[in-house]
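Kindly return the folded structure for what I paste below:
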Amino acid sequence: MRSRSSCACRARRLLAAVLLLALGGAPTAAQESPRRGGELIFVVPAEPPSYDAHREETFAVVHPAAPHYSTLLRVDPADRTGTRLVGDLAESWTVAPDGRTYTFRVRRGVRFHDGSELTARDVKASYDKIIFPPPGVTSNRKGEYIGIEAVVAPDLSTVVFRLKWPLASFLSSLASPFNWIYKADILARDIHWYEKNVMGTGPFLFVEYVKGSHWIGRRNPDYWDRGKPYLDGYRALFVRDSAAQVAAIRGQRAMIQFRGFSPPERDTLVQALGSAVTVQESPWECSNPLAVNHDRKPFDDRRVRRALSLALDRHQGAATLSRLTILREVAGVQGVGTPFATPPAELERLAGYSRDVAKSRAEARRLLREAGVPEGFAFTFKNRGIPNPYDALGVWLVDQWRQIGLNVRIETLELGMLYRDVFNGNFEVAADFHCSYIVEPDLALFKFQSMDVSPINYSRYVDRTLDDLYQKQSRAADREERRRYIREFERRLLDEETHYIYTFQWHRIVAHSARVRGWTITPSHFLNNQLDTVWLAE
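Numbers count the residues shown, from 1 in each chain. A predicted model of the protein is given here:
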């Protein structure tokens, strides 16, 4: 039998942690001086499909490998909003009066890990690979940069971006944590080299990667930002199972998992560790749209796609799943609480967002009959092999579709296998995700342009109306005009054509060892992974 005193202690520890959570995390004192030394050990719930961040879109490559690289700009690692930009390799920059020419001065004296000096030529080569990839080279962010005309390096210290039209989101797009700067000479010899090799200018040197086990980095003594990093090194442990991730932090075999935990997992750690754990929470600029393969029958019929969306009781699902997973809000293409989010009353007019679920499902059954889809029609839903939130999301979706007469089987795949299938169109309906590193409509919408514009449009459609609306909202100078174009884009994407099916927006919870200092949560799990500011308290 548990004693009253032990229960009281646990209750006090839980209350203390909840108060810290309410305050947005541990009140690390501003006067504390970073302590040098030690190895940060963290868990990563998945492994990288490749080492090349230009072609990937998953945290599984950013979390273990970002400390080896630098970017031109970055988000200030101390900014909880994840919006304030600072220079990384860019020492300074200017913008022409017409808003179409951006000139960056590149830091001198920065060295790659092989000892060679970084120049503007390396920045140009890296961005040419991202923006203008040659045939056979995948760039997942190519669709972000349709407004860029050219990148030039007139001398070793200067990079100039010339735009086709002014872009309010341009500086934010350059701060992408995926836009690692590679060595131009290596890209010239073998543009695929970085898919299987690691070599950058970041705060940590690459030591080794053992698949299924770990990734190790050690301090770069020649890092350009003198005095950093504070850590001697880091070790990323690849742990897919959620319970094992929690157990690693609870048993103090690991200190943090940067992606996020569910509410029950947070509570388990708080109850077990008390003041030895810090909880940081944030809205999450991340959601789970479902890709519907337009190249597969009957999913080429928009009536069928619309029926799949109409079947979902999103409001009931959010209430249930938010207690178990990182899923929380019913949202459209802009996250709840963001400047261009659709008001709930307007959102409920879209297919599948109504609170009258019985009426929506009756319409779904009618559309399936009209499209010639028989009762009990079976298909496979390919799910992402990361338990939180995908296991619960998949079970919920299958139950929702069963209620309109569909028989759905779940196939759960490791990231590399799933991406191979979606890239090649080998699926019917698949779990997808879309996460922005900064709250900005261009970054939230670029994915959904036609597949020949955006390689990460896994639904595999061509819709020039959407392409036109994307450019119109991006170029709109007036806020209300931009809002109207975003609403039109959303209606066409989710309602009129139902090219994609949105489910829920995420909520980020990071419970970590109280020894971890110098790390600030943001609305993006792609940010703050260079680890140059992180240090360990005694």
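
contacts and neighbour counts: CA atoms only from here.
Noted.

Please name the bridge partners of L73.
Residues in a beta bridge with L73, per DSSP bridges, are G87.

In contact with it, which residues?
L73 makes contact with 85-90, 171, 174-176 under the criterion Cα atoms under 8 Å, 6 or more residues apart in numbering.

Check P154 too.
Going by Cα under 8 Å, 6+ apart, the list of residues near P154 reads V160.

May I ask you to confirm that it belongs to a strand?
Yes. Counting by DSSP: H, G, I helix; E, B strand; the rest coil, P154 is found in a strand.

Number the residues from 700 up from this point.
Sure thing, new numbering starts at 700, so read that last one as P853.

And the pLDDT at it?
Each residue has a pLDDT score; the one for P853 is 98.

cool, A710 as well?
Here the pLDDT value assigned to A710 is 35.

Next: P1038.
87.

Which helix or strand lies directly C-terminal to the helix or strand bottoming out on mean pLDDT in the chain?
Across the helices and strands of the chain, mean pLDDT, DSSP states H and E gives its lowest value to helix 703-721, namely a mean of 35. Moving toward the C-terminus from helix 703-721, the next helix or strand (DSSP states H and E) is strand 738-743.

Filter the contacts of L772 down to just the ones in strands.
Where these overlap with strands, as defined by DSSP state E, the overlap consists of 784-786, 789.

Beta-bridge partners for the most centrally placed residue in the chain, please?
Nearest to the geometric centre of the chain sits C1134, at 3.6 Å (Cα atoms, centre = their mean). When bridges are called by DSSP bridges, C1134 pairs up with C985.

how close does it get to F1145?
For C1134, the distance to F1145 equals 11 Å [Cα to Cα, to the nearest Å].

cool, V822 as well?
23 Å.

Please say which of these two ends up with more neighbours.
The neighbour count for V822 versus F1145, taken as other Cα atoms under 10 Å, is higher for V822 (28 against 24).

Could you look up the SS state of the residue nearest to the more buried one when sequence neighbours are not counted?
Excluding the flanking residues, the one nearest V822 by Cα to Cα, 6 or more residues apart in numbering is I880, at 5.8 Å. Going by three-state DSSP, the secondary structure assigned to I880 is coil.

how about the helices in the stretch 750-899 of the chain?
In chain order, the stretch 750-899 of the chain shows helices spanning 758-764, 819-830, 869-873, 883-888, with DSSP state H, counting those that start in this stretch as the criterion.

One more: the stretch 950-1099 of the chain?
Secondary structure of the stretch 950-1099 of the chain (DSSP H, counting those that start in this stretch): helices at 962-972, 1001-1009, 1013-1020, 1043-1046, 1056-1069, 1086-1101.

now the angle from the second one to helix 1086-1101?
The reference is to helix 1001-1009. Taking axes from the mean of the first three to the mean of the last three Cα atoms, to 10 degrees, helix 1001-1009 and helix 1086-1101 form an angle of 120 degrees between their directions.

mind saving the C-alpha coords of helix 1001-1009 as CSV?
Extracted C-alpha coordinates of helix 1001-1009, given in CSV (Å, rounded to 0.1, in the frame of the first residue of the first chain):
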residue,chain,number,x,y,z
ARG,A,1001,-13.4,14.4,-56.3
ARG,A,1002,-16.7,13.0,-55.1
VAL,A,1003,-14.8,10.1,-53.4
ARG,A,1004,-12.2,12.4,-51.9
ARG,A,1005,-15.0,14.7,-50.6
ALA,A,1006,-16.8,11.7,-49.1
LEU,A,1007,-13.6,10.7,-47.2
SER,A,1008,-13.5,14.2,-45.7
LEU,A,1009,-17.2,14.4,-44.9
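
List the buried residues of that helix.
Of the residues in helix 1001-1009, those buried under the neighbour-count criterion (16 or more other Cα atoms under 10 Å) are 1001-1009.

One more: stretch 979-998?
When burial is assessed from 16+ other Cα under 10 Å, stretch 979-998 yields the following buried residues: 979-995, 997-998.

picking that back up, pull out the buried residues from the contacts of L772.
For the contacts of L772, a burial check counting by 16+ other Cα under 10 Å picks out 784-789, 873-875.

Once you drop chain neighbours, what's closest to R861?
If the residues on either side of it in the chain are set aside, R861 comes closest to T800, at 4.8 Å by Cα to Cα, 6+ apart.

hang on, the earlier thing: is it possible to get the buried ones among the contacts of L772 out as a markdown table so that each row also shows pLDDT and distance to G1036?
Supplementary listing: the buried ones among the contacts of L772 in a markdown table, determined by pLDDT from 0 to 100; distance: Cα to Cα, whole Å:
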| residue | pLDDT | distance to G1036 |
| --- | --- | --- |
| L784 | 96 | 21 |
| V785 | 97 | 25 |
| G786 | 98 | 28 |
| D787 | 98 | 29 |
| L788 | 98 | 32 |
| A789 | 98 | 32 |
| L873 | 95 | 24 |
| A874 | 95 | 22 |
| S875 | 95 | 22 |
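
can you redo these as CSV with distance to F860?
Output for those, formatted as CSV (distance: Cα to Cα, whole Å):
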residue, distance to F860
L784, 17
V785, 18
G786, 16
D787, 17
L788, 15
A789, 13
L873, 10
A874, 14
S875, 16
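
ok, so of the residues you listed, who is nearest P928?
The nearest member of the buried ones among the contacts of L772 to P928, counting by Cα to Cα, is D787 at 14.0 Å.

doesn't D775 make contact with the closest one?
No. Contact between D787 and D775 fails when scored by Cα atoms under 8 Å: they sit 9.5 Å apart.

ok so, going back, out of the buried residues of helix 1001-1009, who's nearest P962?
When these are ranked by distance to P962 (Cα to Cα), S1008 comes first, at 26.9 Å.

Could you pull up the mean pLDDT of stretch 964-976?
Per-residue pLDDT values over stretch 964-976 give a mean of 97.

Centre of the chain to it, how far?
26 Å (Cα atoms, centre = their mean, to the nearest Å).

So which bits of it are buried?
Counting neighbours by 16+ other Cα under 10 Å, one finds that the buried residues in stretch 964-976 are 964-970, 972-976.

And stretch 1184-1199, by the same measure?
For stretch 1184-1199, burial by neighbour count (16+ other Cα under 10 Å) applies to 1184-1195, 1197-1199.

same check, this time on stretch 1164-1179
Along stretch 1164-1179, the positions that meet the burial threshold by neighbour count (16+ other Cα under 10 Å) are 1165-1166, 1168-1175.

what's the closest non-adjacent residue to L1049?
D1194 (5.5 Å).

again but with D827, I slipped
V850 (7.0 Å).

Please report how far the one you found lies from T800.
Counting by Cα to Cα, the gap from V850 to T800 is 10 Å.
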